[in-house]
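S.K.: output the structure for:
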Amino acid sequence: MSALVLLAIAVAGSCFARSYPLARYRQVRSVGWDAYFHVASWGTLLLIIAACITALVDWSNLPSRFFGLFGYSVSDLAAASQISPLRLKTGFACLLSMVLGAFLGWRLDNPANQEAMFQLLLKEHDLEKMLYMSSSEGALVQISLKSRKVYIGLVFDGSISPGIEPHEQFLIFPVLSGYRDKDSLNMVLTNSYERFYEKLSGDGSLDGWKKFADKFHTLIRVSEISSMAYFDPSAYSGIQSNLAATASDHEDPQVPRPPSS
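M.R.: Residues are numbered from 1 along each chain as shown. Got it, this is the predicted structure:
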């Protein structure tokens, strides 16, 4: 019977952890023994619930009443099958725990729990949060690649969807692009696509950019990203102005030459 109990714990916990979004999220991120203990904890909880239900059913004498309708008794069935009542109850509890694991996991796999799982992913992964904020609220992001190429744009919401795994790649709608200087690593912007997009939109604005974004999006692989940050055009202009003013203040003054005799 111990083998049956262990099997019930494993099957019930696995069925529940694979279906319930929050449990599935933790299971994917568990490694080694943590993954086994995670499944075992859910399976043990389900088996305890099933055992309580079994005890309640036995206490209410429902099996005897049910089989009595057909002229049988539980003791007669146990004697005919040569299985003790304790084993019958244990087997019923194990079977019920597996059914509960599959049923409860299915019932809890709903949009609300899927959204809760996605919010947990955003909370634990800053990059995922930035991608989501850019795609949902239209925040510009500055992406520096390992090749020193720089893209500034909006994350295309069609490439960001709630999921259990962080994104390995995504699409952006570039507004500016450039590179980082190989020596100073300062960002140098060389291309601006804003006016081009405004002409395409027809109304001189970027409000309708999504209708042609799929033609000009750029694929970014997360493994190629060196750094990523939100981009504020006004803050960037102010910083560049301060840098230019500071550089001019530190220029070497021209020393006048003494008059020739």
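S.K.: what are the ranges of the helices in the stretch 51-200 of the chain?
M.R.: Secondary structure of the stretch 51-200 of the chain, counting by DSSP state H, counting those that start in this stretch: helices at 62-68, 74-81, 85-108, 111-124, 126-137, 194-201.
S.K.: low-confidence ranges, the stretch 101-250 of the chain, go.
M.R.: Low-confidence regions of the stretch 101-250 of the chain, defined by pLDDT under 70, span residues 157-165, 199-214, 243-250.
S.K.: the same query, at a cut-off of 50, please.
M.R.: Applying pLDDT under 50 to the stretch 101-250 of the chain flags no residue at all.
S.K.: domain parsing for this structure?
M.R.: As recorded under automatic domain parsing, the domains making up the chain are 2-109, 126-232.
S.K.: distance to Gln119 added to the ones you listed, as a markdown table?
M.R.: Heads up, the C-betas are built off the backbone N, CA and C, glycines and all. Conversion of those to a markdown table gives the following (distance: least, C-beta to C-beta, whole Å):
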| stretch | distance to Gln119 |
| --- | --- |
| domain 2-109 | 10 |
| domain 126-232 | 9 |
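S.K.: and those: which comes nearest Leu120?
M.R.: In terms of C-beta to C-beta, the element of the domains of the chain nearest to Leu120 is domain 2-109, at 6.1 Å.
S.K.: tell me the angle the strand ranked longest in the chain makes with helix 126-137.
M.R.: In the chain, ranked by residue count with DSSP state E as the criterion, the top strand is strand 169-180. Note on geometry: by axes from the mean of the first three to the mean of the last three C-alpha atoms, to 10 degrees, strand 169-180 and helix 126-137 are set 100 degrees apart in direction.
S.K.: contact partners of strand 169-180?
M.R.: 131, 140-141, 143-144, 148-156, 158-160, 186-194, 197, 209, 213, 216-222 (C-beta atoms under 8 Å, 6 or more residues apart in numbering).
S.K.: swap the cut-off to 6 Å and go again
M.R.: Around strand 169-180, the neighbours that count as contacts under C-beta atoms under 6 Å, 6 or more residues apart in numbering are 131, 148-156, 159, 187-194, 213, 217-221.
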